[in-house]
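Student: no sequence on hand, only this structure:
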């Protein structure tokens, strides 16, 4: 771990080298973007090369010419000059199907190897295969059979779309990686920050783990504070009995002198288990004797009459 320096009182500066994930993941995201861009550029160049050769011109010279055709696919007849259909060379096609030549309604022009070609007619066949086209002399104008520029143009659009698609894909992947790494580094930085004083860590009740205030002492006998259950979550004993280590109700606490005169504490019966008479006055025998006074006379004990001799019943009072 690198050293942490205090930028200001109460705040701690976390070194970027201590955060996870490491910053190298930003360079990984950048590498993903560059790789996707390079692949897109390579495919674009390859597709453009196919587009340049997409017309695939096959010049019709005087004599026999072999042309490969596909049923349902239209090809064009191009010339090196602006000529009409009537100026086409006289050619005799032969092959597996019928060779159909028709007019065109669009203008298509392209240049290759310094020669400009113009679309003058279109040709279709009913069956796919190789056709033999025998032509007479074409004169100063050159003629050729090739693909239509419409399909070539669509191929060029596909190349451009492929390039931009791969660039956007790389940007999306790299951006997502960068955002995830940044969010995780921020969360890790918060976890590394020390907990401010006066705040308990997450998951602990307020005040847990904090030292007691100055001068506070725990209650004697380890009893819990008022209103708190005994340690261990056990309920208090039945009948209001005090917990272990606590004095009973009415008993003086440990270290307290007994009350003067030998009187029991308030709420406690006198010795012998006899409760005091009504009014709260103790019996004469229990009254304290003042110094210098003779002892108080005791009243004679009343005797109950016993049974008469002979086992009869005792006399009843009238």
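Tutor: That came in fine, so what should we check first? The model shown is predicted, which means the values in this text are computed figures rather than measured ones.
Student: which parts of stretch 27-46 are buried?
Tutor: 29, 32, 33, 36, 37, 39, 40, 43, 44 (16 or more other CB atoms under 10 Å). The way it works is simple: take the backbone N, C-alpha and C, and place the C-beta from them, glycine included.
Student: just send those back as CSV, with secondary structure and distance to residue 187 too.
Tutor: What follows is these, written out as CSV (DSSP: H, G, I helix; E, B strand; the rest coil; distance: CB to CB, whole Å):
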residue, secondary structure, distance to residue 187
29, helix, 18
32, helix, 23
33, helix, 25
36, helix, 28
37, helix, 31
39, helix, 34
40, helix, 34
43, helix, 39
44, helix, 40
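Student: would JSON lines of the residues you listed with distance to residue 146 be doable?
Tutor: Output for the buried residues of stretch 27-46, formatted as JSON lines (distance: CB to CB, whole Å):
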{"residue": "29", "distance to residue 146": "46"}
{"residue": "32", "distance to residue 146": "41"}
{"residue": "33", "distance to residue 146": "39"}
{"residue": "36", "distance to residue 146": "35"}
{"residue": "37", "distance to residue 146": "34"}
{"residue": "39", "distance to residue 146": "31"}
{"residue": "40", "distance to residue 146": "29"}
{"residue": "43", "distance to residue 146": "24"}
{"residue": "44", "distance to residue 146": "23"}
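Student: for the closest residue to residue 121 other than its chain neighbours, name its beta-bridge partners.
Tutor: In space, and not counting its chain neighbours, residue 121 is closest to residue 77: 4.2 Å by CB to CB, 6 or more residues apart in numbering. Under DSSP bridges, the beta-bridge partners of residue 77 are residue 121, residue 145.
Student: next, count neighbours for residue 77.
Tutor: 21 (other CB atoms under 10 Å).
Student: list the residues that contact it.
Tutor: Residue 77 is in contact with 88, 101, 119, 120, 121, 122, 123, 143, 144, 145, counting by CB atoms under 8 Å, 6 or more residues apart in numbering.
Student: and with 6 Å instead?
Tutor: Applying CB atoms under 6 Å, 6 or more residues apart in numbering, we find residue 77 in contact with 120, 121, 123, 145.
Student: I'd like the distance between it and residue 164.
Tutor: 35 Å (CB to CB, to the nearest Å).
Student: for the stretch 101-250 of the chain, which segments are assigned as helices?
Tutor: 149-192 (DSSP state H, counting those that start in this stretch).
Student: low-confidence ranges, it, go.
Tutor: 138, 150-156, 195-250 (pLDDT under 70).
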